[in-house]
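Asks: This is the structure alone, sequence omitted:
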């Protein structure tokens, strides 16, 4: 039981490049989330998926898109990376919405030059 | 808009001390409050979840309390150990249900 896994662990991009961050969970959870963590700003919700087939914006969705590929996988895409998107990105999942305990992946460190 | 504040931002204590971490929030209409631990370069690990109807939750040496009306929660760590060194974050779940609002965290160092 791996819990929540994220790939890649670390990535360097140039401004304007695109990339997709992958997240998968093996706990049969319905809800999945993408956060970013920045010094002095704490963790902020980018997008979430309350259940398979649905996605909704969080606090800071601009510049990102998401896909809930199936119940296990939730990806985050940066179409045209900007230096302001340099951050640590965390994926999380919970059994059913944010009411339940959230389980976090190890994070992806992204540097946009 | 919900705002969550954690004070102090950093704390250093000698091993064996009992300590209290504080969390305050501006909107008392919460569904629950969660405490997490984050080790350097790692993801978050859930420690305790307190429902809005509860006053406290305990797990081992950890005890979390919640006073919803005053917008405060505390995390009590008994007999601290060097292995407790980490950043502790609190997060509140608003009644809308799908969003956690996090505090900035308290970075704890327990010295041997």
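Replies: Perfect, I can see it now. What you see is a predicted model, and the numbers here were worked out from it, not measured in a lab.
Asks: show me what contacts the residue nearest to the spatial centre of chain A?
Replies: In chain A, the centroid-proximal residue (C-alpha atoms, centre = their mean) is residue A:34; its distance is 2.9 Å. Neighbouring residues of residue A:34 by C-beta atoms under 8 Å, 6 or more residues apart in numbering or on different chains: A:21, A:23, A:45-48, A:58, A:64, A:66, A:74, A:76, A:89-92. The way it works is simple: take the backbone N, C-alpha and C, and place the C-beta from them, glycine included.
Asks: likewise residue B:27?
Replies: B:1-3, B:71, B:94.
Asks: could I get those residues as TSV with pLDDT and neighbour count?
Replies: Listed next are the contacts of residue B:27 as TSV, based on pLDDT from 0 to 100; neighbours: other C-beta atoms under 10 Å in any protein chain shown:
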residue	pLDDT	neighbour count
B:1	84	7
B:2	89	17
B:3	92	12
B:71	96	19
B:94	81	18
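Asks: What about these, which are in strands?
Replies: Within the contacts of residue B:27, residues falling in strands by DSSP state E are residue B:94.
Asks: Pull the number of nearby residues for residue B:56.
Replies: 14 (other C-beta atoms under 10 Å in any protein chain shown).
Asks: mind listing what the residue nearest to it when sequence neighbours are not counted touches?
Replies: Distances taken as C-beta to C-beta, 6 or more residues apart in numbering or on different chains place residue B:65 nearest to residue B:56, at 4.4 Å, with adjacent residues excluded. With contacts taken as C-beta under 8 Å, 6+ apart, residue B:65 has the following neighbours: B:50, B:55-56, B:73-74, B:76.
Asks: Can you list which of the residues you listed are found in strands?
Replies: B:50, B:56, B:73-74, B:76.
Asks: need the strands for the chain, in chain order.
Replies: I went with chain A, as the question did not name one. Remark: strands assigned in chain A by DSSP E are A:4-7, A:10-13, A:19-25, A:31-38, A:42-49, A:56-57, A:64-68, A:74-78, A:87-94, A:103-104, A:108-112.
Asks: nope, chain B
Replies: Applying DSSP E to chain B gives strands spanning B:4-7, B:10-14, B:19-25, B:30-38, B:44-51, B:56-59, B:62-67, B:72-77, B:86-94, B:100-102, B:106-111.
Asks: For residue A:1, find the nearest of those strands.
Replies: strand B:44-51 (15.1 Å; C-beta to C-beta).
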